[in-house]
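> have a look at this prediction, sequence included:
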Amino acid sequence: MEKQERFTIDKEGHLFFGGADCVQLAEQYGTPLFVYDEEAIRAMMRVYRDTLLEEYAGNGAVLYSVKAFPCMALCSMAKQEGLGLEVSSGGELYTAIKAGVSAKTISFVGNNKSKDEIAYALDCGVGCVVVDAYTEIETIDDMAKKRGIVQDIMLRINPVPDTVTSSLSSDSKFGFSVADGTAKMMTAFALGKDNVSLIGYHYHIGSQIKNRKAFLSAAEVCMKFIAEMKYKNDFETEYLNLGGGFPIWYTDEDERITLEGYRERIRELLQVVKDKCAAYRLNGPYLMLEPGRSLVGEAGITLYRVGSIKNIPGVRKYVCVDGGMTDNPRYALYGAKYDALLANRANEKNTEVVTLAGKSSDNADVIACNVSLPKAETGDILAVFSTGAYHYSMATNYGRTPLPAAILVKEGKAEIIVKRQSYEDVVRCDVLPDSLK
């Protein structure tokens, strides 16, 4: 299923997504509402899985980066499609285990894992821990020794490609720099421990990276480093995690990448690895790809109900909805851009440019600026596109706002995968001491 096939509009002007009427979904499940197209997610998972299988002789694995949208349903779907998981916290690991995912197929990343998180990972039997500090190696080595095990680890390195992205530079809290020799020193340090087994390297140059050359440059730097470790330090990596970061469409400023377009990006990245293995006479390492946003980002939309509308002559027009920065903080954090339409009037022409604002008591509570819409009215259903990644996962209870529900749609049928929070859920962890009663 290509991107443009996800949306249709019926004769009444209702937007359909994943075969489901968005107006009916809003009425049945309430708003705000996260809606995910199951077939679209599975199609993207298969693009990564099958391309790796076809282009790299199956010597690798795709790991769903859980932080993009962490819930048991997505973890289980990834398992069904033959993917492993990449988790970045104890909570994500717990979610994966509760979903029935084998810990052996899970990679645990993070630059500052707590001792409790590391202990939990070891006790679960997690497949690999990606290490990002000297102290972390020592902690894992000590904990593994007490448990009588040897834990597989990978080192997160920072390849700093020539085409540097805003997400990657030598000044980063993530990874050990290849350029300054830290990655080499960390390799020797890890190899000197008895209860950790260094199986390879991990890198990730960032997310929503539009420059295709950045991925290729990073891979070239990494492969050169791997060759250096083999011929100068007698260590040849068995595993290499190339990370994720391919971009998605948010607005027409972005390229609309088809499924074949993603295949091409994966192929060219794998080709760099194969070419460098031949050039440096390396055994092909077991490769891992770690997509998150590109799997679920465009496969998700958010439905809101329009409330108050405020026109400030000569300044701007605010169209306010019943959600906002509590379910989508990305505009407030990054100035992220979005496109939207009125799901109940999707066939009408746009007549005005508005700012979409939320309901929180905060001036920063804006979803998007300069959005073209028909003249909105109170009660309209607004659909905001490409909200499948880093929305639910970054949502907050600011203002004691309950988190929205999330549903999965397929061929017009919907299932709840995350329940809507109640006010009782919001105060569940509050404690009122006797002295204040």
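Arrived safely, thanks for sending. Numbering: from 1, shown residues only.
> okay, which residue is most central for the protein?
For the chain, the residue lying nearest the average C-alpha position, counting by Cα atoms, centre = their mean, turns out to be residue 68 (2.5 Å).
> please tell me how far the nearest residue to that one once chain neighbours are set aside sits from residue 331.
Counting by Cβ to Cβ, 6 or more residues apart in numbering, residue 68 lies nearest to residue 292, which is 3.2 Å off, once chain neighbours are set aside. The C-beta positions use only the backbone N, C-alpha and C, and glycine is treated the same way. Residue 292 sits 20 Å away from residue 331 when distances are taken as Cβ to Cβ, to the nearest Å.
> who has more neighbours out of those two?
Between residue 292 and residue 331, counted using other Cβ atoms under 10 Å, the more crowded position is residue 292 (26 against 22).
> residues in contact with the residue nearest to residue 68?
Residues in contact with residue 292 (Cβ atoms under 8 Å, 6 or more residues apart in numbering) are 64-69, 86, 207, 244, 389.
> ranges for the strands of the stretch 51-200 of the chain?
Listed in chain order, the strands found in the stretch 51-200 of the chain under DSSP state E, counting those that start in this stretch are 60-65, 84-87, 106-108, 128-131, 151-158, 176-177, 196-202.
> got it, and the stretch 251-400 of the chain?
In the stretch 251-400 of the chain, strands defined by DSSP E, counting those that start in this stretch lie at 286-289, 300-312, 316-321, 340-342, 352-357, 366-373, 381-384, listed in chain order.
> and these, which is most packed in?
Looking across the strands of the stretch 251-400 of the chain with neighbours counted as mean count of other Cβ atoms under 10 Å, the highest average goes to strand 381-384: a mean of 26.
> let me see the mean pLDDT of that one.
Averaging the model's pLDDT scores along strand 381-384 yields 98.
> what's that strand packed up against?
helix 22-29, strand 300-312, strand 340-342 (3 or more Cβ pairs under 8 Å, 6 or more residues apart in numbering; DSSP states H and E).
> about what we covered before: save the strands of the stretch 251-400 of the chain as JSON lines, and put in distance to residue 91 too.
Formatted as JSON lines, the strands of the stretch 251-400 of the chain follow (distance: least, Cβ to Cβ, whole Å):
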{"stretch": "strand 286-289", "distance to residue 91": "22"}
{"stretch": "strand 300-312", "distance to residue 91": "20"}
{"stretch": "strand 316-321", "distance to residue 91": "28"}
{"stretch": "strand 340-342", "distance to residue 91": "31"}
{"stretch": "strand 352-357", "distance to residue 91": "30"}
{"stretch": "strand 366-373", "distance to residue 91": "26"}
{"stretch": "strand 381-384", "distance to residue 91": "26"}
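> to residue 266, which of those strands lies closest?
For the strands of the stretch 251-400 of the chain, distance to residue 266 was read as Cβ to Cβ. The smallest value, 7.1 Å, belongs to strand 286-289.
> so which elements touch that closest one?
Helices and strands in packing contact with strand 286-289 are listed as helix 38-55, strand 60-65, strand 239-241, helix 259-280; criterion 3+ Cβ pairs under 8 Å, 6+ apart.
> which of these is buried the deepest?
Relative to the other members of the helices and strands packed on strand 286-289, strand 60-65 carries the highest mean neighbour count by mean count of other Cβ under 10 Å, namely a mean of 26.
> show me the shaky parts of this structure.
Along the chain, the model assigns pLDDT under 70 to residues 1-5, 161-172.
> domain ranges for it?
Taking automatic domain parsing as the domain assignment, the ranges for the chain are 3-30+299-426, 38-296.
> and the longest one, how far apart are its ends?
In terms of Cα to Cα, to the nearest Å, the two terminal residues of domain 38-296 are separated by 9 Å.
> so how far is that domain from its chain's centroid?
Taking Cα atoms, centre = their mean, to the nearest Å, the mean C-alpha location of domain 38-296 is offset from the chain mean by 13 Å.
> quick one: neighbours of residue 365, just the number.
When neighbours are counted by other Cβ under 10 Å, residue 365 registers 21.
> contacting residues for it?
Contacts of residue 365 were listed using Cβ under 8 Å, 6+ apart, and they are 324-325, 332, 357-359.
> report the beta-bridge partners for the closest residue to residue 309 other than its chain neighbours.
By the measure of Cβ to Cβ, 6+ apart, the closest residue to residue 309 outside its immediate chain neighbours is residue 319, 5.5 Å from it. Judged by DSSP bridges, the bridge partners of residue 319 are residue 309, residue 356.
> surely residue 319 meets residue 375?
No. Under the criterion of Cβ atoms under 8 Å, residue 319 lies out of contact with residue 375, with a separation of 9.6 Å.
> save the helices and strands packed on strand 381-384 as a markdown table, and put in distance to residue 133 too.
Formatted as a markdown table, the helices and strands packed on strand 381-384 follow (distance: least, Cβ to Cβ, whole Å):
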| stretch | distance to residue 133 |
| --- | --- |
| helix 22-29 | 43 |
| strand 300-312 | 33 |
| strand 340-342 | 42 |
